[in-house]
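Enquirer: A structural model of the following input is requested.
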Amino acid sequence: MRAAVKGRADLDFAAICEENLDGVFGYLLYLTGNRAVAEDLAAETFERALRRLKRFDPRRGTARTWLLTLARSTALDHFRSEERRRRREGTYALLEQGVVESDVFGHGYSSALEAALQSLSAGEREVVALRVLLDLDGETAARLLGISPTACSTRLHRALQKLEEKVRDDVRA
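Expert: Numbers count the residues shown, from 1 in each chain. You can find the predicted model right below:
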């Protein structure tokens with residue numbers, strides 16, 4: 001039995017979380033490329049959502065959009081923190097050696113598609129994740145990325161063109 005959040009009888013936080021858990025986790029897995037980190041960030045995202053539930057206004061967007069916005073900011077905070085940690089500890093050598101996590105979102109696709117996805121910029125991969133994998137509409141994805149719907153559409157179009165060209169080239173080779 002789910003209880004509505006105190007003071008917000010119209011919102012069922014447990015139902016919102018249950019309904020959006022897979023999408024938030026998948027998005028974070030795509031951004032981080034690491035299942036354990038994505039799980040931690042998903043938990044942090046839902047903790048933030050619970051603390052900020054009073055600020056959620058369903059008239060401004062869906063719960064899904066709100067949660068994905070929180071997930072994105074949680075991931076960006078994580079990336080900034082990791083960057084500072086790496087600088088402090090001097091671990092950039094790992095990047096130079098080409099050490100890469102193997103638990104990457106999209107694992108299981110053809111090697112040509114996986115290579116093509118990795119060749120995209122972070123912004124291009126993110127718009128593909130939002131529009132194609134999570135099936136968000138252009139306006140919602142644009143709002144989440146902090147760009148105009150036109151810029152979002154253009155970025156998606158260019159990313160998909162790059163993917164198509166890269167996969168086609170890899171198949172021919």
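Enquirer: Let me know the pLDDT of the closest residue to Leu28 other than its chain neighbours.
Expert: In space, and not counting its chain neighbours, Leu28 is closest to Ala38: 4.1 Å by C-beta to C-beta, 6 or more residues apart in numbering. Using the backbone N, CA and C atoms, a C-beta is placed for each residue, glycine as well. Ala38 is assigned a predicted lDDT (pLDDT) of 94.
Enquirer: Mind pulling the model confidence for Asn20?
Expert: Looking at Asn20, its pLDDT reads 94.
Enquirer: and the strand or helix carrying Leu67, which residues are buried?
Expert: Per DSSP states H and E, Leu67 falls inside helix 63-89. Residues of helix 63-89 classed as buried by neighbour count (16 or more other C-beta atoms under 10 Å): 63-72, 74-75, 78.
Enquirer: before we move on, back to that, mind listing what the residue nearest to Leu28 touches?
Expert: 25, 28-29, 31-32, 105 (C-beta atoms under 8 Å, 6 or more residues apart in numbering).
Enquirer: Make TSV out of those residues and add secondary structure.
Expert: Shown next, in TSV, are the contacts of Ala38 (DSSP: H, G, I helix; E, B strand; the rest coil):
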residue	secondary structure
Phe25	helix
Leu28	helix
Leu29	helix
Leu31	helix
Thr32	helix
Phe105	coil
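Enquirer: buried ones in the helix or strand where Thr45 lies?
Expert: Using DSSP H and E, Thr45 sits within helix 35-51. Within helix 35-51, the residues that count as buried by 16+ other C-beta under 10 Å are 35, 37-38, 41-42, 44-46, 48-49.
Enquirer: Low-confidence ranges, the chain, go.
Expert: Scanning the chain for pLDDT under 70 picks out the ranges 1-11, 85-109, 173.
Enquirer: care to break it down by domain?
Expert: Under the assignment automatic domain parsing, the domains of the chain span 1-105, 108-173.
Enquirer: From Leu144, how far off is Cys152?
Expert: Per C-beta to C-beta, to the nearest Å, Cys152 is found 9 Å from Leu144.
Enquirer: try Ser110
Expert: Applying C-beta to C-beta, the value for Ser110 to Leu144 is 28 Å.
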